[in-house]
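J.: need coordinates for the below:
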Amino acid sequence: MGLKLAHQLILVVAAASMLGVSLANKDWGWNSDKHQLNGTEGPQKIIVGGSEKWHFGFNYSDWAFQNAPFYFNDTLVFKYDPPSNSKFPHSVYLFPDLWSYLNCNFKRAKMIANPTQGGGHGFKFVLKRWRPYYFACGERDGFHCKVGGMRFTVVPLYRWPY
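T.: Below you'll find the predicted structure:
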């Protein structure tokens, strides 16, 4: 199998996995003969990592999988210590594609929150479109992304009215 074909296969498998995760819905059920797709009535504010917040050494891919699904207009809140309180600051980057995400390649990634924006109420990011969002910490030349578990993907779903 050629290298190009292997890369295409990896992308197809990853895309299928992301779609499966995004369609998984732990709140699926029936209520008074109405089809209920989720247990929330509107956009939610979700702290990335929950009580762990955004830090080195936590598996955010597992966290995203366990907290799926995410919906349009949900707000992800990244909370992390500012550089003055942290030996190793953090940031938030958005990758343009799966390949950059898988390789923690920040050449085309966009910084959406610098090391000072995670303090206080945190940095807020609203999920506005149906597309995969690839997030990671870009500090220490991608070391936090590659080794520290500081990366995850979400694909928001449409929130059906009750």
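J.: list the buried residues for stretch 79-96?
T.: 79-81, 83, 86, 89-95 (16 or more other C-beta atoms under 10 Å). To be clear about C-beta, it is placed using only N, CA and C from the backbone, and glycine gets the same treatment.
J.: correction: the previous question concerned stretch 122-142.
T.: In stretch 122-142, counting by 16+ other C-beta under 10 Å, buried: 122-123, 125, 127, 132-139, 142.
J.: of all the residues you listed, which comes closest to Q44?
T.: L127 (10.1 Å; C-beta to C-beta).
J.: next one, pLDDT for the closest residue to the closest one other than its chain neighbours please.
T.: The shortest distance from L127 to any non-neighbouring residue, by C-beta to C-beta, 6 or more residues apart in numbering, is to P156 (4.0 Å). With respect to pLDDT, P156 scores 96.
J.: compute the number of surrounding residues for P156.
T.: Using other C-beta atoms under 10 Å, the number of residues around P156 comes to 22.
J.: check contacts around it.
T.: 22, 69-72, 74, 127, 129-130, 133 (C-beta atoms under 8 Å, 6 or more residues apart in numbering).
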